[in-house]
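Trainee: no FASTA, just this:
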């Protein structure tokens with residue numbers, strides 16, 4: 001079968017009966033995980049075929065399934081579970097590669113990693129938006145999270161700056177947090193004067209409160 005015809009059928013909402021099962025036996029297909037992905041996630045794929053293919057897929061194919069709204073719900077759920085399992089054994093390099101492609105269910109796990117490069121990769125994930133970040137920032141930030149945020153486009157967001165300063169305020173009360181006062185500077189610069197005055201009223205650390213209130 002010519003590849004263009006195969007690709008049309010594998011994405012067709014109603015392929016011929018038995019075609020998905022037959023396609024999964026083609027040797028050339030078995031060597032191409034990103035094509036197997038389409039068979040595993042197809043809404044018409046029988047459960048036994050889905051359960052056979054998904055455990056053998058590499059993380060890139062699993063991430064593609066987990067973030068594809070057209071995939072069968074059970075395929076997405078299974079892909080999320082497999083990714084969470086594979087994550088525990090990944091190197092930092094592999095985690096850095098997965099982070100910008102990771103599905104939302106994996107974001108809280110990635111956010112806990114003590115490596116700023118992995119966190120920076122998560123922050124450029126195209127699905128990772130303002131609401132997701134707002135949920136992850138409170139109540140504390142690690143030095144790795146602060147470093148990643150300071151190098152990201154989020155440092156220009158007024159809403160994020162306020163949350164980061166409040167999280168820094170909480171962290172400065174704990175000497176073992178590893179956070180230092182100087183980390184506040186770029187976030188203070190992002191705030192208009194009116195916002196700085198409002199945020200300052202919510203801070204408890206005296207020096208940080210003075211810095212936020214007194215810029216300019």
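Mentor: Alright, I've got the coordinates. None of these values were measured; they are calculated from a predicted model.
Trainee: Thought residue 70 was touching residue 13, still the case?
Mentor: No - using CB atoms under 8 Å, residue 13 is not in contact with residue 70, being 9.0 Å away. For the C-beta atoms, the positions are set from N, CA and C on the backbone; glycine is no exception.
Trainee: Tell me which of those two has more neighbours.
Mentor: Set side by side, residue 13 and residue 70 give different neighbour counts by other CB atoms under 10 Å, the larger being at residue 70 (11 against 8).
Trainee: that older thread, any residues in contact with both of residue 13 and residue 70?
Mentor: residue 43 (CB atoms under 8 Å, 6 or more residues apart in numbering).
Trainee: can I see the domain layout of the protein?
Mentor: Under the assignment automatic domain parsing, the domains of the chain span 1-89, 91-216.
Trainee: Hmm, residue 95 is touching residue 118, no?
Mentor: Yes - proximity of residue 95 to residue 118 meets the contact threshold set by CB under 8 Å, at 4.9 Å.
Trainee: tell me, what's touching the two both at once?
Mentor: Common neighbours of residue 95 and residue 118 (CB under 8 Å, 6+ apart) are residue 110.
Trainee: Any regions of the protein where pLDDT drops low?
Mentor: 1-4, 215-216 (pLDDT under 70).
Trainee: Repeat the analysis, applying 90 as the threshold.
Mentor: 1-35, 138-140, 175, 214-216 (pLDDT under 90).
Trainee: residue ranges for the strands of it, please.
Mentor: Here the chain has no strands by DSSP state E.
Trainee: excluding its backbone neighbours, what's nearest residue 30?
Mentor: residue 36 (7.0 Å; CB to CB, 6 or more residues apart in numbering).
Trainee: ok, how many other residues are close to residue 98?
Mentor: Per other CB under 10 Å, the neighbour tally for residue 98 reads 24.
Trainee: Relative to residue 91, how far out is it?
Mentor: With distances taken as CB to CB, to the nearest Å, residue 98 is found 11 Å from residue 91.
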